[in-house]
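Trainee: predicted coordinates and the sequence they were generated for:
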Protein chains: 2
Amino acid sequence: MHAPGHLQHSPTSRLRTLVAATGEDGPVATSAEDLRARRQTADKNCDRWFSHAWVPAPERLRRLAESATEEQSDSYGHGGDIEALEREVAELLGKPAAVFMPSGIMAQQSVLRVYADRAGTKRVAVHGQSHLLVHELNTLEEVHQLRIERLTSDSRQPRPDELAAIPGNLAAVTLELPLREPGFLLPTWDELVVFAQACADRGVPLHLDGARLWESTPYLKHSLAEISALATSVYLSFYKGLGGLAGAVLAGPEDVIAESRRWQRRLGGNLFTMLPYAVAAREGLRTALPLMGDLHQRAVEVAMALQNEGYRVVPDPPHTNSFQVHAPRDAEAMDTAAVDRMERTRESICWSWRPSAVPGWSWTELVITPHSLQWPVSEIAKAYGELLRT
Amino acid sequence: MHAPGHLQHSPTSRLRTLVAATGEDGPVATSAEDLRARRQTADKNCDRWFSHAWVPAPERLRRLAESATEEQSDSYGHGGDIEALEREVAELLGKPAAVFMPSGIMAQQSVLRVYADRAGTKRVAVHGQSHLLVHELNTLEEVHQLRIERLTSDSRQPRPDELAAIPGNLAAVTLELPLREPGFLLPTWDELVVFAQACADRGVPLHLDGARLWESTPYLKHSLAEISALATSVYLSFYKGLGGLAGAVLAGPEDVIAESRRWQRRLGGNLFTMLPYAVAAREGLRTALPLMGDLHQRAVEVAMALQNEGYRVVPDPPHTNSFQVHAPRDAEAMDTAAVDRMERTRESICWSWRPSAVPGWSWTELVITPHSLQWPVSEIAKAYGELLRT
């Protein structure tokens, strides 16, 4: 089971030793590493997954081959599925141009560098909990010498008055939709319109980190094109809600995208062929994108049912297909209960649990995927209930 | 048919109009773009290729699925085929550590940045015709503010006296083995040893751009590990001689590789999964690597046979499986003859021809691949002879 975007869960962070009761011989020291190994094995042996199904690598590649339609492979991003994908996404987003990038980290630094070079200032306005600042090893500063102005670091979307409070010239303003760290939070549509207008009034390009923008349309009740129209450029990921292998798209004005392609080349992202990523992304557009309304609806239902079992969810109700689940039990106990249950039932219902700020509590992220739709809400709620009581 | 590494041949560079005789109606203006389209169609319709076979995308992915062995996919480069590949290559090269990177451009700037940060100087010594300077949009300067010291720009490998002529502190010295631009040129083993010793005496890390190092062992008459032992770090490509999809490996000391991984992350090259690239690279190690001696031997034989047909080759004899072929006929005539022949025979024997510095001459690169071994030398020579005489 993969946890998309969870790079912060490095194996070493799980290396701390924990103590677990292991039967009549009394408590025995087990390492979290052992539990992790048990989880990996158990996950492979499952025959049912709530979020991300484990698929053997050869089978993943076979499915990829079956979903390929174009005859031609791209050559350094020219032609084939890559060009077709870029056209499809540009149209979906209502943007003049789009470019496939191997990763969102590359896509976003490329476009922000373009804005900085044009504006003659290195200052960009970013949320303090954004992926750009939390998970990218300070690449904006280290690689491009950008200077970060934090709109806010609070667990909510930034407000226009916070933008107004940053004086001077800005190269760009970014919004992460949804803001993943504090629970995949979205603004309301009206808040988004007002914020975008504030950027426009100031004459600063607004760039959307829309890694999970596909998943945001049901809550915002507007189309991808309507949301994208509020910004100069937008990045979306192909391997989260769309279930692709990796990669991202950056869309915006022709000249901005053309210049971003030069940064893609410089950063080492203009690969000899990106065929597998393009094929997987197009498959996601065909099969996963039409389900976004259902996934959000199911997320709301599951969240409510989990609260009835004793959990707390953030946000309540969820804004997207993903939300935080907070358990009134410590992480070690939750992890042990989860792995025990997985070994017993061959069902995978959650990934690992993290200690909460509140002693005795723990939390995890729950992602509703097309797999999840095959689980009746009452059944997944009952399964989660068992984790609290075993 | 793909021309690995030929990014400089952009479609637009072929847009110039050329005049070709087209029968009794006299000369008619045809665009090079038309010829290029004819070539692409003809290439697909071929049933025999001398260098790179055209394979429909779905078939490429099917073959990939068939060559997958590991069950686990990597997650952000951890586990699966990526880890197995890194272990295999580190062992082959006799280096303590290796990291898979999506591209050579990323691999090389990462390690050079590591050396620069450590040395406290941004100065790196590079050949003026190296890929680093010719094909990467000045990424070393633009992204990392490195300062380039040219060892030489002559069409040969650099000499120790040229390194000695650069005063002051250097962060690193690089050698491109083989040097592709002037004809895939190698130093002799003894020259390489002396140059490496000069770097060691000066206390400067030597980094090898060994994109085609796999292809260099027969001429150097030493193993990959023996060659790599002369340098601190080495990069090799997976999609040239090995025939992979894309990607590269960087090998060297544990600490240098660990620090390079951080730059990979920053540059946007730490992808959610790199499964397809890893599988293709491992297949290349199994099937193409053992053929390197045969490919070089065949290159020497084919080069000699082409000279007998009226061509000139550079270098003579070839140092690797690849070399330049110079024709005593202009590029337009050669391209037309080549496409005509491809349409008539359904055999693909060369890619496009470029104007030479000598009026009336043109040139192309010829790469000997496992496909080429199925062509008797006399047959490919006869085919090339026809291009000069039709």
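Mentor: Structure's in. What do you need?
Trainee: would you list every one of the strands in the stretch 151-300 of chain A?
Mentor: Applying DSSP state E, counting those that start in this stretch to the stretch 151-300 of chain A gives strands spanning A:172-176, A:206-209, A:233-237, A:248-252.
Trainee: does the third one come close to chain B?
Mentor: Spelled out, that is strand A:233-237. No: Strand A:233-237 stays clear of chain B (CB under 8 Å from any CB of the partner chain), getting no nearer than 8.7 Å. Quick note: C-beta positions are derived from backbone N, CA and C, even for glycine.
Trainee: what packs against that strand?
Mentor: Judged by 3 or more CB pairs under 8 Å, 6 or more residues apart in numbering or on different chains; DSSP states H and E, strand A:233-237 is in contact with helix A:80-93, helix A:104-119, strand A:206-209, strand A:248-252.
Trainee: which one of these is the most hemmed in?
Mentor: Among the helices and strands packed on strand A:233-237, strand A:248-252 has the highest mean neighbour count (mean count of other CB atoms under 10 Å in any protein chain shown), at a mean of 28.
Trainee: put together JSON lines for the strands of the stretch 151-300 of chain A, with distance to B:N45 and mean pLDDT on each row.
Mentor: Output for those, formatted as JSON lines (distance: least, CB to CB, whole Å; pLDDT from 0 to 100):
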{"stretch": "strand A:172-176", "distance to B:N45": "48", "mean pLDDT": "98"}
{"stretch": "strand A:206-209", "distance to B:N45": "44", "mean pLDDT": "98"}
{"stretch": "strand A:233-237", "distance to B:N45": "37", "mean pLDDT": "98"}
{"stretch": "strand A:248-252", "distance to B:N45": "33", "mean pLDDT": "98"}
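Trainee: quick revisit: of all the helices and strands packed on strand A:233-237, which one comes closest to B:L146?
Mentor: Nearest to B:L146 among these is helix A:104-119 (17.0 Å), distances taken as CB to CB.
Trainee: right, is that closest one up against chain B?
Mentor: Yes: residues of helix A:104-119 contacting chain B under CB under 8 Å from any CB: A:104-107, A:109.
Trainee: now, among those residues, which is nearest to B:C350?
Mentor: A:M106 (34.8 Å).
Trainee: what's the distance between the nearest residue to that closest one once chain neighbours are set aside and A:T320?
Mentor: Spatial nearest neighbour of A:M106, chain neighbours left out: B:G268 (2.6 Å); criterion: CB to CB, 6 or more residues apart in numbering or on different chains. Distance, B:G268 to A:T320, using CB to CB, to the nearest Å: 24 Å.
Trainee: need the contact list for the residue nearest to A:M106.
Mentor: Residues near B:G268 by CB atoms under 8 Å, 6 or more residues apart in numbering or on different chains: A:101-107, A:109, A:139, A:267, A:269.
Trainee: quick check: bridge partners of A:A98?
Mentor: A:A251 (DSSP bridges).
Trainee: ramachandran coordinates for the closest residue to chain B within the stretch 251-390 of chain A?
Mentor: Across the stretch 251-390 of chain A, the shortest distance to chain B (CB to the nearest CB) belongs to A:G268, at 2.6 Å. The phi/psi pair for A:G268 (degrees, to the nearest 10) reads phi 90, psi 30.
Trainee: what about the helices in the stretch 51-200 of chain A?
Mentor: A:57-67, A:80-93, A:104-119, A:131-134, A:139-144, A:160-164, A:189-202 (DSSP state H, counting those that start in this stretch).
Trainee: could you dump these into TSV with mean pLDDT added?
Mentor: Shown next, in TSV, are the helices of the stretch 51-200 of chain A (pLDDT from 0 to 100):
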stretch	mean pLDDT
helix A:57-67	96
helix A:80-93	97
helix A:104-119	98
helix A:131-134	98
helix A:139-144	97
helix A:160-164	98
helix A:189-202	98
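Trainee: okay, domains of chain A per the record?
Mentor: As assigned by automatic domain parsing, chain A contains the domains A:31-55+A:291-389, A:68-285.
Trainee: most tightly packed of those domains?
Mentor: Note that of these, domain A:68-285 is the most buried (mean count of other CB under 10 Å), with a mean of 21.
Trainee: and A:T287, what does it touch?
Mentor: Counting by CB under 8 Å, 6+ apart, A:T287 has contacts A:243, A:370.
Trainee: would you mind measuring from it to A:L92?
Mentor: Distance from A:T287 to A:L92, by CB to CB: 15 Å.
Trainee: A:L245 too?
Mentor: 20 Å.
Trainee: can you name the residue of the stretch 51-200 of chain A nearest to chain B?
Mentor: Taking CB to the nearest CB, the stretch 51-200 of chain A has A:M106 as its residue nearest chain B, at 2.6 Å.
Trainee: does that residue really touch B:R265, like I thought?
Mentor: No: using CB atoms under 8 Å, A:M106 makes no contact with B:R265, being 10.7 Å away.
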